[in-house]
Every structure is written in structure tokens, then in C-alpha cells.
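Asker: Predicted structure and sequence below. I'll ask about it afterward.
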Amino acid sequence: MTTASVIIIGAGISGITAAKELAEKGVEDVLILEATERIGGRIQKQSFGDVSVELGAGWIAGVGGKESNPVWELASRLNLRTCFSDYTNARYNIYDQSGEIFPTGFAADSYKKAVDSAILKLKSLEAECDGQEAEEAPSSPKTPIELAIDFILHDFEMAEVEPISTYVDFGEREYLVADERGYESLLYKMAEGFLYTSDGNILDNRLKLNKVVREVQQSRNGVVVKTEDGSEYEANYVIVSASIGVLQSNLISFQPPLPKWKTEAIQKCDVMVYTKIFLKFPRCFWPCGPGQEFFIYAHEQRGYFTFWQHMENAYPGSNILVVTLTNEQSKRVESQSDEETLKEAMSVLRDMFGPTIPYATDILVPRWWNNRFQRGSYSNYPMISDNQLQRNVKAPFGRIFFTGEHTSEKFSGYVHGGYLAGMDTSKTLLEEMKQSLLLQPLLAFTESLTQTDQRSNPQMYSNVNLISGRS
Ligand SMILES: Cc1cc2nc3c(=O)[nH]c(=O)nc-3n(C[C@H](O)[C@H](O)[C@H](O)COP(=O)(O)OP(=O)(O)OC[C@H]3O[C@@H](n4cnc5c(N)ncnc54)[C@H](O)[C@@H]3O)c2cc1C
């Protein structure tokens with residue numbers, strides 16, 4: 001059986017950050033077990049139509065504020081190619097089903113109404129929590145303006161994932177990563193010399209790919225981690241960085257089972273499904289001027305092929321459009337063939353741009369919901385929820401610690417949330433290791449009093465030995 005001080009389940013941004021931080025602080029023998037054949041998790045690029053597209057995270061969000069976003073700093077240091085991307089412009093490019101574009105004033109007005117309506121909804125939820133009578137939110141007749149409002153509200157629900165109470169001013173600017181190696185470069189740079197040698201070979205004592213963890217067994221002596229291929233690994237501590245969707249599924253079982261306060265908190269957190277569908281065309285037929293990177297299709301069915309982006313700013317001449325679907329629409333599209341999805345997308349595009357536009361030559365539909373190592377795109381805590389819910393999701397259980405974007409109090413749902421969570425969890429674990437070292441003599445004394453044969457369990461309190469390079 002392979003042993004390590006700390007086993008980390010998952011090699012996304014949070015898992016790699018935690019592993020690196022632990023190693024830098026002296027915990028040398030950290031081992032990452034990753035279910036797939038690659039590192040990166042929800043940061044994943046794929047070649048499509050001669051360029052690299054991001055199936056997962058694409059934007060470095062929250063830049064230009066009072067405090068600095070660590071992922072932006074990292075990207076700047078690595079000279080990652082990025083381009084400014086302002087999706088709020090989308091509100092001025094709203095098409096109806098007959099291809100008419102809503103006049104600017106009309107669209108801006110819808111935006112204001114949506115904001116007012118969102119504030120009213122928030123107040124009513126707050127009042128409900130306080131047990132007061134709430135002002136009724138207006139019902140939504142599906143006039144064109146209400147269709148536009150509906151989109152904007154839908155967008156708020158999908159994008160405003162950070163709890164308002166914990167707002168930190170990283171800024172509002174967003175940059176699209178347009179690097180040849182994509183967002184993944186960040187992770188490969190972090191992993192260089194640590195998980196991989198400079199010529200790209202895996203350091204096998206630090207990272208094992210294609211290792212699907214199915215069971216985490218905890219005892220007084222440590223933790224045993226069992227994988228689908230029958231391997232077993234032993235450690236003093238485990239950090240689980242798998243997504244909230246995976247925690248909600250039964251992929252990983254815990255022995256003894258996680259306590260009720262923890263499983264309840266995990267189940268209460270919403271999982272967003274967010275899907276970017278890529279379409280390649282023989283030529284560009286959409287408007288490409290300044291402020292036209294994004295456009296919206298207003299349809300009675302909320303979220304039906306609503307949000308569009310062209311990739312000409314990031315990749316000139318690529319002739320690629322991206323349409324974003326969420327939740328029920330994402331799940332629906334994931335369950336049908338790509339040909340059917342292509343047909344639907346083409347029909348929407350023909351509504352907007354007329355019947356003569358060329359048919360797409362290729363389509364790429366990521367399936368985050370049906371991916372058993374993700375089960376969704378990112379966590380979305382209820383807008384009005386006390387911080388206790390998230391604290392319970394994050395809280396360790398014995399020797400098992402939790403990290404991942406869903407444990408980041410301020411930035412759940414984001415790459416920088418995953419990064420900061422990895423830092424935070426490693427700090428908490430280091431503190432625990434220190435404490436257990438301090439307690440060691442006392443525990444040894446108690447043990448000798450109760451005449452327990454500690455020699456049969458040599459690892460029980462011996463973080464010191466394990467920290468210094470056993471693997
Ligand atoms: C479509 C999409 C668009 C997004 N857009 C943005 C964006 O523009 N900007 C932004 O900041 N964020 C965005 N995000 C969110 C961002 O990608 C995530 O918040 C972040 O990457 C999560 O990192 P993580 O380390 O918490 O989890 P992950 O990256 O999911 O890492 C967890 C790892 O655990 C592995 N794993 C799971 N189960 C097991 C198991 N049983 N055994 C072993 N390994 C296991 C997984 O394979 C994975 O590699 C987007 C996400 C998606 C899906």
C-alpha cells in the first residue's frame with residue numbers, strides 16, 4: 001500500500017494549489033489522486049475549428065478593483081494572452097424572434113426593470129426570512145420587454161454566484177483567456193517541477209492519474225483511500241477537492257459516513273449547469289463591430305439559446321459562435337444528439353439573421369452534468385442563506401478536509417474561488433498538523449496509561465516522520 005502524509009482527491013485548481021502550498025510548507029509527501037487522464041478539472045481546453053476553446057472556465061472574472069485577484073496576477077506573471085470582454089454590452093443587442101433588434105433605450109429600460117425586480121425579489125426573500133409580510137413581486141406577462149427582463153434576471157441568477165454579504169472588491173472587469181494553451185497553462189505552470197518534470201513526465205510519487213476514488217475510510221490511525229481499480233492508499237489526512245455535484249452523488253463513500261449536519265449542507269447547495277456550445281461556420285455573418293461581441297435571443301422559453309458570443313475578438317477569422325445554455329436547457333441538450341442541438345441552434349440563428357446564413361460545419365457540446373466526475377458546472381448557494389451552510393460544507397470531519405470552489409466563502413463558483421480555497425484548506429490542515437504535534441507527548445502518555453499497544457499503530461500520532469518524505 002502506498003503511504004503519504006496527505007492525499008488530495010482531485011487535480012483541479014484547488015487540489016493543485018493545496019498540494020503545492022503544503023509541499024512548500026514542508027509537507028513533502030503529498031499525493032494527488034485524479035480520476036481523469038488529465039489535470040485541470042473544470043479548466044479544460046479543447047481544439048475546435050483550428051483554435052483552442054475553453055469548455056469550462058473562460059474568463060478571469062473580477063479584475064481592476066481595489067484588491068487584486070490572485071488568478072489575474074498569476075496570469076499576468078505567466079504572460080497569458082487575454083482580451084477584455086464586456087458581456088454587459090449584450091443588453092444592447094437583443095433580437096426578437098423575427099430578427100428585429102430591440103432599440104437601445106428599450107433594452108436599457110428592460111435592464112433597469114430587471115434590476116428593480118431582482119432587488120424586490122431579494123427584499124421579499126429577506127422579509128420572508130425575518131418572518132415579515134413581503135411586498136408581492138409583479139407577475140410577468142410575456143411582452144417583449146418582459147422577455148428581455150426575463151433573460152437579464154436569468155443571467156443574474158446564473159452569474160451572481162458570490163454571496164452579497166461577503167463582497168470583496170476584486171473589480172468588475174472580465175478578461176477572456178485567449179492563449180494557445182488556454183487557461184490550462186496556469187495549472188501546468190503551477191505543476192511544472194512539482195507534478196511534472198520539465199520535460200513533461202509525471203512525478204509518480206506526487207500525482208496519479210486515472211485513479212477514481214470510491215471510498216475514504218477513516219480510523220483513529222489514519223485514512224485509507226480506495227480507488228475503482230482496487231488500489232489502496234494510506235495517509236494521515238485526506239483533502240477532498242471533488243465538486244459539490246460529486247459530493248452530492250454517491251461516487252465517493254465515507255466510512256464512517258459523514259455526519260448529518262454535513263450531508264444536509266452538501267445537499268442544500270445548488271449546482272448550476274452551464275454549457276457553452278461551440279459552432280463553427282464557413283464564414284462570419286453576424287455583426288462584429290465594437291460592443292457587438294455578445295448578443296441575445298429573446299424567446300418565450302426562458303434560457304432557450306439565449307446568450308450568444310462571437311469569438312472574433314479572441315480569435316480573428318475563426319468564424320466560431322458560442323451559445324450558452326444553463327440548468328434545464330443544459331440538461332435537455334446533454335441528453336439529445338449533437339445533430340438535434342445543431343438543428344435547434346441553426347433555427348434560432350435563422351430567426352435572427354435570416355434564412356440564407358450558411359449551415360454550421362461543426363458543433364461541440366460539453367456535457368458537465370452527465371460527467372460523473374463533475375455532475376454540474378459550479379456551486380450556487382441560495383441567495384439568502386446563512387454562512388453556516390457553507391461553513392458546514394467546508395468543515396473538516398476528523399482527518400478528512402474539504403476544499404474546492406464550493407468551499408470559498410467569497411468566491412464560490414470561480415477559478416479564483418478554487419485557488420483561494422486551496423490556500424485556505426492547506427492552512428487549516430497545517431494548523432491541525434501543528435496542533436497534533438503539540439498534543440503528541442500528552443497523547444502518548446495517555447496511551448501508555450491505558451496500555452494500548454501503540455507499536456502496532458506506528459503512524460497514529462507521527463506526523464513528524466511522515467512529513468519528512470515517505471512515499
Ligand atoms: C462551463 C463552465 C464555465 C465556467 N466559467 C468560469 C469562468 O469564466 N471564470 C471562472 O472564474 N470560473 C468559471 N467556471 C468555474 C471554474 O471552472 C471552477 O470554479 C473551478 O475550476 C473549480 O476548481 P476546483 O478545483 O474547485 O474543482 P475541479 O476543477 O472540478 O477539480 C476537481 C477534480 O476532482 C476530480 N475528481 C472528481 N471526483 C473524483 C474522484 N472520485 N476521484 C479522483 N478525482 C476526482 C475531477 O476530475 C477534477 O479534476 C466555469 C465552470 C464551468 C464548468
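Answerer: Yep, that arrived.

Asker: so how far is residue 27 from residue 243?
Answerer: Computed as C-beta to C-beta, to the nearest Å, the residue 243 to residue 27 distance reads 24 Å. C-beta here means a position set from N, CA and C on the backbone, and glycine is covered the same way.

Asker: neighbour-wise, which of these two wins?
Answerer: Under the criterion of other C-beta atoms under 10 Å, the comparison of residue 243 against residue 27 puts residue 243 first, with 27 against 24.

Asker: okay, now the nearest residue to the more buried one once chain neighbours are set aside: neighbour count?
Answerer: Leaving aside its chain neighbours, residue 243 sits nearest to residue 374 (5.5 Å; criterion: C-beta to C-beta, 6 or more residues apart in numbering). Here the number of neighbours of residue 374 (other C-beta under 10 Å) works out to 26.

Asker: now residue 374, what's its secondary structure?
Answerer: Three-state assignment for residue 374 (DSSP: H, G, I helix; E, B strand; the rest coil): coil.

Asker: OK, contacts around it?
Answerer: 41, 42, 243, 245, 246, 368 (C-beta atoms under 8 Å, 6 or more residues apart in numbering).

Asker: Repeat the analysis, applying 6 Å as the threshold.
Answerer: The contact partners of residue 374, taken as C-beta atoms under 6 Å, 6 or more residues apart in numbering, are 243, 245, 368.

Asker: Quick one: name the residues of the stretch 1-150 of the chain near the ligand.
Answerer: Within the stretch 1-150 of the chain, the residues that sit near the ligand (C-beta under 6 Å from any ligand atom) are 9-15, 33-36, 41-43, 56-59, 61.

Asker: Just the ones of the residues you listed in helices?
Answerer: 13, 14, 15 (DSSP state H).

Asker: Check what pLDDT the last one gets.
Answerer: The model reports residue 15 with a pLDDT of 98.

Asker: so how many other residues sit close to the nearest residue to residue 291 once chain neighbours are set aside?
Answerer: Take residue 291 and drop its neighbours on the chain: the residue closest to it by C-beta to C-beta, 6+ apart is residue 89, 4.6 Å away. By other C-beta under 10 Å, 14 other residues sit near residue 89.

Asker: repeat for residue 389
Answerer: With other C-beta under 10 Å as criterion, residue 389 counts 16.

Asker: The host helix or strand of it and the ligand in contact?
Answerer: Counting by DSSP states H and E, the element that carries residue 389 is helix 387-394. No: between helix 387-394 and the ligand, judged by C-beta under 6 Å from any ligand atom, nothing touches; the nearest distance is 11.8 Å.

Asker: helices or strands up against that helix?
Answerer: helix 260-268 (3 or more C-beta pairs under 6 Å, 6 or more residues apart in numbering; DSSP states H and E).

Asker: Lowest mean pLDDT among the helices and strands of this structure, which one is it?
Answerer: Lowest by mean pLDDT, DSSP states H and E among the helices and strands of the chain is helix 463-467, with a mean of 32.

Asker: hmm, who's touching stretch 333-350?
Answerer: With C-beta under 6 Å, 6+ apart, stretch 333-350 has contacts from 297, 305, 325, 363, 365, 367, 369, 370.

Asker: Is there proximity between stretch 324-339 and the ligand?
Answerer: No: using C-beta under 6 Å from any ligand atom, stretch 324-339 stays clear of the ligand, coming no nearer than 8.4 Å.

Asker: and that stretch, what's its mean pLDDT?
Answerer: Rounded mean pLDDT across stretch 324-339 is 96.

Asker: tell me how far it is from the chain's mean position?
Answerer: 19 Å (C-alpha atoms, centre = their mean, to the nearest Å).

Asker: The stretch 201-350 of the chain against the ligand: which residues are in contact?
Answerer: 212, 213, 241, 242, 243, 246, 251, 252, 274, 276.

Asker: how about a cut-off of 8 Å?
Answerer: Contacts of the stretch 201-350 of the chain with the ligand, taken as C-beta under 8 Å from any ligand atom, map to 211-214, 227, 241-243, 246, 251-252, 274-276.

Asker: JSON lines for those residues, including pLDDT and secondary structure?
Answerer: Supplementary listing: those in JSON lines, determined by pLDDT from 0 to 100; DSSP: H, G, I helix; E, B strand; the rest coil:
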{"residue": "211", "pLDDT": "98", "secondary structure": "coil"}
{"residue": "212", "pLDDT": "98", "secondary structure": "coil"}
{"residue": "213", "pLDDT": "98", "secondary structure": "strand"}
{"residue": "214", "pLDDT": "98", "secondary structure": "strand"}
{"residue": "227", "pLDDT": "98", "secondary structure": "strand"}
{"residue": "241", "pLDDT": "98", "secondary structure": "coil"}
{"residue": "242", "pLDDT": "98", "secondary structure": "coil"}
{"residue": "243", "pLDDT": "98", "secondary structure": "coil"}
{"residue": "246", "pLDDT": "98", "secondary structure": "helix"}
{"residue": "251", "pLDDT": "98", "secondary structure": "coil"}
{"residue": "252", "pLDDT": "98", "secondary structure": "coil"}
{"residue": "274", "pLDDT": "94", "secondary structure": "strand"}
{"residue": "275", "pLDDT": "96", "secondary structure": "strand"}
{"residue": "276", "pLDDT": "96", "secondary structure": "strand"}
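
Asker: Go through the residues you listed and give me the one with the most neighbours.
Answerer: Neighbour max across these (other C-beta under 10 Å) = residue 241, 31 neighbours.

Asker: got the contact list for that residue?
Answerer: 10, 14, 15, 403, 404.

Asker: Quick check: the gap between the most centrally placed residue in the chain and residue 415.
Answerer: Nearest residue to the geometric centre of the chain (C-alpha atoms, centre = their mean): residue 378, 4.3 Å. Noted for residue 378: a distance of 10 Å to residue 415, by C-beta to C-beta.

Asker: Which parts of the stretch 151-300 of the chain are helices?
Answerer: 184-191, 244-248, 260-268 (DSSP state H, counting those that start in this stretch).

Asker: With respect to residue 4, which of those lies nearest?
Answerer: Checking the helices of the stretch 151-300 of the chain against residue 4 by C-beta to C-beta gives helix 184-191 as the closest, at 17.2 Å.
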